[in-house]
Structures are given as C-alpha cells and as structure tokens.
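Visitor: predicted model and sequence follow; I will ask about them next.
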Amino acid sequence: MKKLSLVILIMAVLLLGGCNLVEGINSNNESEENSASEDHNDNQSNPDDVYVPVQEYTGEGYDLANGKETDRIANENLDVVEDAVKQFFQEEYKTEVKVHQIVGNVDGATVFVESVGQPHFYTYAIVPIDKANETIMADKVWSQEGEIESAVMSGIYGMVMKKEFEHLTSLIEEASKEYNLTGLNKEAIPIGGKQYSNEYYFVGIRNDEPFLPAFEEYLQNPERTVEEWYKIIDVNRIDSESIRIVINLHMAEEDQEPNQEALQEIVQRIEKADDIPKGLYAIMLHDNYINKRLGSANKENTIERGHPNDIVKE
C-alpha cells in the first residue's frame, strides 16, 4: 500500500469534481478540507439561499461540480446505486455500511456511507454513470486511493482510544457551554465522509505505517474486540505526527462573530489536557452560518489555531 498523505487525499478529491471533506485547516497541503471547485456550472444557487444556520444544516443542498445530470440519474436508480455500493464494501472490505446521501459528480455519483458497528467511520465510494445511456455502472464502483483505508484506520484508532476521545468530547462540550458554541448538526456528520468523526471534530491519518498491521488484520476479520485491536496496534509506536484531529466549532447565535476569547480558552484546555488522544490538533471557530452547497463554514471571519502552529499532544 502506498503511503497515505493528506496531499494525496486533497488532489484525489479535487479530481472527483469538488468533493469537500468539510472543514479543514487553511488552504495548505496539510489541510483536511478540500475546497470545492468554483466551476459549479450547473449547480449555481441564489447566493441569498446558500448560507443556513449550522443547527439547521442536515446535508440537504450539498452538491458537486457538474453533477446535476448524474444526480438525477442516480436518484432515479437509488436501489441500484445503494446495492452496488453495499456490495462493493462487503466484497472489498468485509464491511457493512449504511448509505446516507447520494450526490452526482461529473462522471457518476458520490455515495456517502457510515460503517455499521465497530470500528466506526464515515467514508464514500463512487459509482460511475453512463450519461449517454443513463445507466448505472454497478460493477465499476471505486474510491480514491487510500480513502477507505484511511477511514478504517481512523475508526480503529477511535475504537482503541475511546476513553481519550470521550474526554476530548467532554472538554469541548464544557467550553462550548461556557462560551455559547455549538457543533455540527448530527444529521450532517456523514456528509464529506470524514472518517472517524462526531459533531465537533474529525480524525485524519497522516502516516499509515503504524496502522498497516491493523488494517491488514481488518481485512481478515473486521469484527474484533477493543482488546484485540489494542494488541494489534502498538499505540506507543504512533507518534503525534501520524494523526491530525481537526476541531470545528460555531457560534450558537446567528448574529455573533467568532469569539477570540473562546478560541484561546479551548486552545489552552487542549494544551493542558493529559487524557486526550495523541495527535496534531487544529481548532477552527466559525460564525453560525454554513454554506450548504459546500458543507463548509470557512469564511473570512473564521478564526483558528492550526498549521503551522498545531497543538502537539504526545
């Protein structure tokens, strides 16, 4: 397996036609966010209708560049598309998935899925569509190189570090309550296929080497206990550079600008915490609105602590 890197993921998703992996850090090569293509030729919306309060965003309205025609064909053949994707994950990864959303792209349909059971993760597959004949190419399902592998690995990491991630979630929720912040609507979490994630953060694998033994074992038998995975993964071999954890928070009120004091408080709590997962942490604080076409809240007023000044937790 080739080395996974965020650069590969970014370039691959851009080739897809603008699939945005919701909320990353800056616009550099370390980013977990992929800017959607500006060339939404057939997917233009009234600018006044693009932004919605984050609490109301469920993923409806999300689109990809030049995907209007394929979106129609895919949604007229939902059963065929869903069955093809489920079969793909069963055959290639021995994984049962739940389909959340089907979105047309320039040459097919991008299908966002969630794994059923543990390890838990979100990802996507692509179903090619013959637009001329309006047929679903169900035997040609694929995904970007390393995308699903990385999702599996992040899910295993989340499973073995369950207590640490629970502490991280509690830390964020306490700060959010104090500063009137909110996370993503839970219905929108699957959009973007953000690997191991919840309404506050998502986890990306930057270096797959420490996780390869676990992934190979997953292909043999995905249904293992936490104890079994912990024995397979040598947590001590995983350094902070191998993991990126991106936290995205929003102001809870529609008329509030991102609060610098709130951002600094969360940064300090992350820096002081000794019971959260190791990794490189980046934090972004947005206003209340999210672009429903892109599934992104990044705007000029977004404030952040991230690359090249990530918080390093060993």
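Guide: Now that the structure is in, tell me what you want to look at. These figures come from a predicted structure and were not determined experimentally. Residues are numbered from 1 along each chain as shown.
Visitor: quick one, strands of the stretch 201-314 of the chain?
Guide: With strands called from DSSP state E, counting those that start in this stretch, the stretch 201-314 of the chain shows them at 201-205, 243-251, 279-286, 289-291, 303-305, 311-313.
Visitor: name every strand pairing with the longest one and say which way it goes.
Guide: The sheet places strand 243-251 alongside strand 181-182 (antiparallel), strand 201-205 (antiparallel), strand 279-286 (parallel), with pairing taken from DSSP bridges.
Visitor: take these and write them to CSV, including mean neighbour count and mean pLDDT.
Guide: The C-beta positions use only the backbone N, C-alpha and C, and glycine is treated the same way. What follows is these, written out as CSV (neighbours: other Cβ atoms under 10 Å; pLDDT from 0 to 100):
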stretch, mean neighbour count, mean pLDDT
strand 181-182, 22, 98
strand 201-205, 27, 96
strand 279-286, 25, 98
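Visitor: can you add distance to Val116 and give the ones you listed back as JSON lines?
Guide: Below are those laid out as JSON lines (distance: least, Cβ to Cβ, whole Å):
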{"stretch": "strand 181-182", "distance to Val116": "28"}
{"stretch": "strand 201-205", "distance to Val116": "19"}
{"stretch": "strand 279-286", "distance to Val116": "26"}
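Visitor: show me where pLDDT drops low in this structure?
Guide: Along the chain, the model assigns pLDDT under 70 to residues 1-48.
Visitor: farthest residue from the center of it?
Guide: Asn133 (32.7 Å; Cα atoms, centre = their mean).
Visitor: just to be sure, Phe165 is in a helix?
Guide: Yes. Phe165 sits within a helix when classified using DSSP: H, G, I helix; E, B strand; the rest coil.
Visitor: so what's Gly108 bridging to?
Guide: Beta-bridge partners, per DSSP bridges, of Gly108: Asn105, Pro128.
Visitor: what sits against it?
Guide: 70, 74, 126-129, 137 (Cβ atoms under 8 Å, 6 or more residues apart in numbering).
Visitor: also Asp239?
Guide: By Cβ under 8 Å, 6+ apart, the neighbours of Asp239 are 210, 278, 314.
Visitor: a markdown table please, covering those and showing neighbour count.
Guide: Formatted as a markdown table, those follow (neighbours: other Cβ atoms under 10 Å):
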| residue | neighbour count |
| --- | --- |
| Pro210 | 19 |
| Lys278 | 20 |
| Glu314 | 7 |
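Visitor: in helices, which of those residues fall?
Guide: Judged by DSSP state H, the subset of the contacts of Asp239 located in helices is empty.
Visitor: next, the buried residues of stretch 257-273.
Guide: Buried residues in stretch 257-273, counted by 16 or more other Cβ atoms under 10 Å: 258-259, 262-263, 266-267, 270, 273.
Visitor: before we move on, back to that, now, of the contacts of Gly108, which are buried?
Guide: By 16+ other Cβ under 10 Å, the contacts of Gly108 give 70, 74, 126-129 as buried.
Visitor: now do the helices in the stretch 1-150 of the chain.
Guide: 6-16, 47-50, 68-75, 78-93, 147-160 (DSSP state H, counting those that start in this stretch).
Visitor: on that earlier part again, how about the strands of the stretch 201-314 of the chain, which one is nearest Phe112?
Guide: Closest to Phe112 of those is strand 201-205 (Cβ to Cβ; 13.4 Å).
Visitor: and the closest one, C-alpha only, in PDB?
Guide: Extracted as PDB, the C-alpha positions of strand 201-205 are listed here (Å, rounded to 0.1, in the frame of the first residue of the first chain):
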ATOM      1  CA  TYR A 201     -14.100  17.000  15.300                       C
ATOM      2  CA  PHE A 202     -12.800  14.600  12.800                       C
ATOM      3  CA  VAL A 203      -9.600  12.500  12.700                       C
ATOM      4  CA  GLY A 204      -7.300  12.000   9.700                       C
ATOM      5  CA  ILE A 205      -4.400   9.600   9.300                       C
END
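Visitor: returning to what we had before: tell me the most buried of the helices of the stretch 1-150 of the chain?
Guide: helix 147-160 (a mean of 25; mean count of other Cβ atoms under 10 Å).
Visitor: I'd say His250 and Thr182 touch.
Guide: Yes. Counting by Cβ atoms under 8 Å, His250 does reach Thr182; the two are 5.3 Å apart.
Visitor: joint contacts of those two?
Guide: With Cβ under 8 Å, 6+ apart, His250 and Thr182 have common neighbours 54, 288.
Visitor: ok, back up a step: Ala214: which of the strands paired with strand 243-251 is closest?
Guide: Per Cβ to Cβ, nearest to Ala214 of the strands paired with strand 243-251: strand 201-205, 11.0 Å.
Visitor: can you give me the angle that closest one makes with helix 147-160?
Guide: Interaxial angle of strand 201-205 relative to helix 147-160 (axes from the mean of the first three to the mean of the last three Cα atoms, to 10 degrees): 120 degrees.
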